[in-house]
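J.: build me a model from this:
(one chain, ligands or ions: 1)
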Amino acid sequence: MRKKIVAGNWKMNNNLQEGIELAKEINGLVESTDIKDVQVIIGAPFVHLTELNKAITSNKIRVSAQNCADEKSGAYTGEISASMIASTGTECVILGHSERRSYYGETSEILVKKTNLCLENNLTPIFCIGEVLEERESGKHFDVVKSQIADGLFHLSVEDFGKVILAYEPVWAIGTGVTASADQAQEMHAFIRKTLAEQYGEEAAQNCSILYGGSCKPSNAKELFSNEDVDGGLIGGASLVAEDFMGIITAF
Ligand SMILES: O=C[C@H](O)COP(=O)(O)O
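T.: Take a look at the predicted model:
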């Protein structure tokens, strides 16, 4: 079933001590506030995961990694496997973020393997899709997003869609201060849901939460989240400041 979710993506920010402090701050605010049925996720660097899982006491907060290896185990120096991530108590993994697709050459083929490994290890993939500015300006944004879903998630079953979170992140809105308008977000989210319904059935479309990401802040979260098909947000910059992150969590 669709859930209301606010997920932070800390990206490559905060050393371990800073990460623990921030997580404790968020934990305290979540415990002392009525956040209703909103589920909170903190996407932290690998080296934070074990300690964050110890520091967080609220059952409304889940910890996420930001990537995982595309192999199970073996001679892959520097890689971190899905099962290693799961062994820290972490429950989610952000996959296919545009920064990984563009800086680290992450292709749909790789993402299929990573998604499978996450599901095999009971980790929830937070699967990112979204177009670059040029694609939007040339009217290709719907086709791009449709292909990212078809190429990266074709292998999922209807049940799997209940275990996957999608994040629509227009690349032109990431870290730029430019946000998609509420109408643009709703238009694309409705398109994504329709695409899921057509390709996998209505049940899959209704089981899958679709988050918006891209310069989401306390000041615009309410308007974005009030849209029918926007189930929450994947938050970058504003998730690094506890009060701002809470301002988004309480925007529902
Ligand atoms: O994963 C989060 C997104 O990249 C959004 O980042 P941002 O909120 O800093 O624009």
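J.: going forward, measure contacts and count neighbours with C-alpha atoms only.
T.: Will do.
J.: what does this structure have sitting close to the ligand?
T.: When proximity is defined by C-alpha under 6 Å from any ligand atom, the chain lies next to the ligand at 9, 173-175, 213-216, 234-237.
J.: most neighbours among those, which one is it?
T.: When neighbours are counted by other C-alpha atoms under 10 Å, Gly213 leads the residues of the chain next to the ligand with 30 neighbours.
J.: still on that earlier bit, the residues of the chain next to the ligand in strands, which ones?
T.: Counting by DSSP state E, these place 9, 213, 234-235 in strands.
J.: which stretches in the stretch 1-150 of the chain count as helices?
T.: 16-31, 49-55, 82-86, 98-103, 108-120, 133-137, 141-153 (DSSP state H, counting those that start in this stretch).
J.: from these, which stretch is densest packed?
T.: helix 82-86 (a mean of 22; mean count of other C-alpha atoms under 10 Å).
J.: got the contact list for that helix?
T.: 46, 49, 65, 68-69, 72, 114, 117-118, 121-123 (C-alpha atoms under 8 Å, 6 or more residues apart in numbering).
J.: try it again at 7 Å.
T.: 68-69, 117-118, 121, 123 (C-alpha atoms under 7 Å, 6 or more residues apart in numbering).
J.: show the average pLDDT along it.
T.: On average, the pLDDT along helix 82-86 is 98.
J.: what do you get for stretch 3-10?
T.: Mean predicted confidence for stretch 3-10 is 98.
J.: quick one: the residue of the stretch 1-150 of the chain found nearest the ligand and Gly19, what's the gap?
T.: Minimum separation of the stretch 1-150 of the chain from the ligand (C-alpha to the nearest ligand atom) falls at Asn9, amounting to 4.9 Å. Separation of Asn9 from Gly19 (C-alpha to C-alpha, to the nearest Å): 12 Å.
J.: same thing with Ser239?
T.: According to C-alpha to C-alpha, Ser239 stands 11 Å off from Gly19.
J.: with Leu52 instead?
T.: Distance of Leu52 to Gly19, computed by C-alpha to C-alpha: 8 Å.
J.: any low-confidence regions in the protein?
T.: Along the chain, no part satisfies pLDDT under 70.
J.: specify the residue positioned farthest from the middle of it.
T.: Within the chain, the residue lying farthest from the chain centre (C-alpha atoms, centre = their mean) is Ala75, at 28.5 Å.
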